[in-house]
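In: quick one: sequence plus predicted model below, questions after.
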Amino acid sequence: MTTAAPQKYRQELRRSLSLWGNLSLVVSAVTPATGAFIIAPVLFGLNGTGAALTFVIAAVLGFALAYCWAELGAAYPIAGGDYSFIARILGRGPGFVSLVLSGPVQAILIPAVVALGMAEYLSVIINLDANILGAIIILLGTVVAIFGVRLSAVAVGALLIVELLAVVLVTVLGFVNSQRPISVLFSPEVFAADGSASPLTFGAIIAGLAVASFAYNGFQGALVFSEETKGGGRNIALAVFVALGVAVACEVLPVAAALLGSPSLTELSHADRPWQYFLTSIGGETFNTIVSLGIAVAVLNAVIALMPFFARILYSSGRDMAWPEPVSKLVSTVHPRFETPWVATIIIGVGGAIMILFTDIATLTTWIGAVLAVEFILVALSAIVSRIRNPELKRPYRMPLWPAAPVVAIVMAVAVLTQQNPADLAVAGGLVVLSVLYYVFYLRPRRATHMILLDPPDGEDEDERAPRERTLQP
């Protein structure tokens, strides 16, 4: 008696990325320059000299999650990222919640933050409204992403050098021009506008973890490019850890350098553009202009990298029929020549450009922080439940000391949620509720034809793959 071969996705995306090509895209999607130059300034205002310490604590959460992503991503090499394994482990309902949070929501919000930040640095030479300039930037990034993931990898690989040089430059400047002892970083204070200081509370540090985690977010992007990466699941796991390590170094060091090297911590905390205050105070207006342009080029790298990152999640959701049939077919359309999900890329680019026109960086950053905390809990739960329900699953990478990492991640993510602004919690909660309602009233009655989860497409190291977990029936 013969057994029917399991259904698999067709290999539609071009498998052309080496490990280092994947890493160049993922490290750029982590956006070291964005974290340091766009997101960190939010923490200067919120946590004062505790900004660097907040990034260090967030790194603990990051590494706990990295173990989860490395194991699950290696076991499920599918372009959808988080929702692909969450749906197969926790069920299609939680999987769809993850899809909405890690896909369309972040796909619209995160590139908008990056493009807006780049526009602010370009303002030193371009006299144009930052929101309009940001919309133009994100549309240009969309065009580059359509031409192919390999082209994107080449482009971001070149720009990544500029990005890392910008981070190194400001780090060196801060430490060389240090105004105070390093001990101030371990006795964190916040500053009022009149210059008075008060100790930073533990609750404020926990609340700031949402912002710091956003700065690290993206290192799990190796999973999203897994169908286009050569070499198998262990390469995906390795890329996750390398990308996070780069992100931590590129956030902690320049932030610490700015806190030590700024002439006035009060001015740094309350400046509309803290890094430009820092650069001007050290080298003058001309120096600020030159370095700001370098930072803008570095941030452009993030825009180019983020577009294909999120487009593949949306593409995967269409392939799984997560939306009404016409929409699913549209977003899963692959360009016949470039072999990229070009329709999904355009949708993300246009949506992000529209979002930019009506919001600001601070609002977007705090929204994303709350959304990420919910996503982290789903990922960590999956890492626990997968081992319990499917101990026989082939895992090219297995995290050590299981379940320590996912438990730490859940505890920290819950703590972060308890300290968020009620308005930000309302945004995250509202998105979860809407996702659940859509699943219950639209997807679940159509379970035979929608949210269909197949096995990974054929690729290299196919003989090492084990049977996948079957989809849980909610």
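Out: Received, thanks. On a predicted model such as this, the values are computed, not experimentally measured, just so you know.
In: only C-alpha atoms from now on, for both contacts and neighbour counts.
Out: Noted.
In: list the helices and strands the helix or strand hosting Gly429 packs on?
Out: Per DSSP states H and E: Gly429 is located in helix 422-438. Contact here means 3 or more Cα pairs under 8 Å, 6 or more residues apart in numbering; DSSP states H and E; on that basis helix 422-438 packs against helix 92-100, helix 361-389.
In: and after the first one, which helix or strand comes next?
Out: As assigned by DSSP H and E, the chain's next helix or strand after helix 92-100 is helix 106-122.
In: got the contact list for that following helix?
Out: 34, 37-38, 130-131, 133-135, 137-138, 292-293, 295-297, 299-300, 302-303, 306-307, 310-311, 348-349, 351-353, 355-356, 360-361, 364-365, 368 (Cα atoms under 8 Å, 6 or more residues apart in numbering).
In: repeat that for stretch 414-424.
Out: Contact with stretch 414-424 is made by 203-204, 206-207, 209-210, 366-367, 370, 373-374, 377, 425, as judged by Cα under 8 Å, 6+ apart.
In: now with 7 Å, please.
Out: When contacts are defined by Cα atoms under 7 Å, 6 or more residues apart in numbering, stretch 414-424 is touched by residues 203, 206-207, 209-210, 366-367, 370, 373.
In: and that stretch, how far from the chain's centre?
Out: 19 Å (Cα atoms, centre = their mean, to the nearest Å).
In: stretch 227-246 now?
Out: 15 Å.
In: what's the answer for stretch 130-146, then?
Out: Counting by Cα atoms, centre = their mean, stretch 130-146 comes out at 18 Å from the chain centroid.
In: equivalent analysis for stretch 442-459, please.
Out: 25 Å.
In: just the residues contacting it, thanks.
Out: By Cα under 7 Å, 6+ apart, stretch 442-459 touches 7-11, 77-78, 320-322, 468.
In: quick check on the contacts of stretch 414-424: which are buried?
Out: Neighbour-count burial (16 or more other Cα atoms under 10 Å) applied to the contacts of stretch 414-424 gives 206-207, 209-210, 366-367, 370, 373.
In: which of these sit farthest apart?
Out: Distances among these were taken as Cα to Cα; the most separated pair is Ile206 and Trp367, at 15.6 Å.
In: pLDDT below threshold where in the stretch 251-400 of the chain?
Out: Within the stretch 251-400 of the chain, the stretches with pLDDT under 70 are 298, 301.
In: repeat for the stretch 1-150 of the chain
Out: For the stretch 1-150 of the chain (pLDDT under 70), the answer is 1-6, 11-16, 29, 31, 124, 148-150.
In: quick check: Ala166 touching Gly294?
Out: Yes - proximity of Ala166 to Gly294 meets the contact threshold set by Cα atoms under 7 Å, at 6.5 Å.
In: more neighbours, the two?
Out: Comparing Ala166 with Gly294 by other Cα atoms under 10 Å, the one with more neighbours is Ala166, at 25 against 19.
In: dump the C-alpha coordinates for stretch 196-215 into PDB.
Out: The C-alpha trace of stretch 196-215 is given here as PDB (Å, rounded to 0.1, in the frame of the first residue of the first chain):
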ATOM      1  CA  SER A 196      16.600  68.700  37.900                       C
ATOM      2  CA  ALA A 197      17.200  65.000  38.000                       C
ATOM      3  CA  SER A 198      15.300  62.100  39.700                       C
ATOM      4  CA  PRO A 199      16.000  58.400  39.900                       C
ATOM      5  CA  LEU A 200      14.600  56.200  37.100                       C
ATOM      6  CA  THR A 201      12.000  53.800  38.400                       C
ATOM      7  CA  PHE A 202      12.000  50.100  37.800                       C
ATOM      8  CA  GLY A 203       8.600  50.400  36.200                       C
ATOM      9  CA  ALA A 204       9.900  53.000  33.700                       C
ATOM     10  CA  ILE A 205      12.700  50.600  32.700                       C
ATOM     11  CA  ILE A 206      10.200  47.800  32.100                       C
ATOM     12  CA  ALA A 207       8.000  50.200  30.100                       C
ATOM     13  CA  GLY A 208      11.000  51.200  28.000                       C
ATOM     14  CA  LEU A 209      11.700  47.600  27.100                       C
ATOM     15  CA  ALA A 210       8.900  47.800  24.500                       C
ATOM     16  CA  VAL A 211      10.800  50.600  22.700                       C
ATOM     17  CA  ALA A 212      14.200  48.900  23.100                       C
ATOM     18  CA  SER A 213      12.700  45.600  21.800                       C
ATOM     19  CA  PHE A 214      11.400  47.400  18.800                       C
ATOM     20  CA  ALA A 215      15.000  48.600  18.100                       C
END
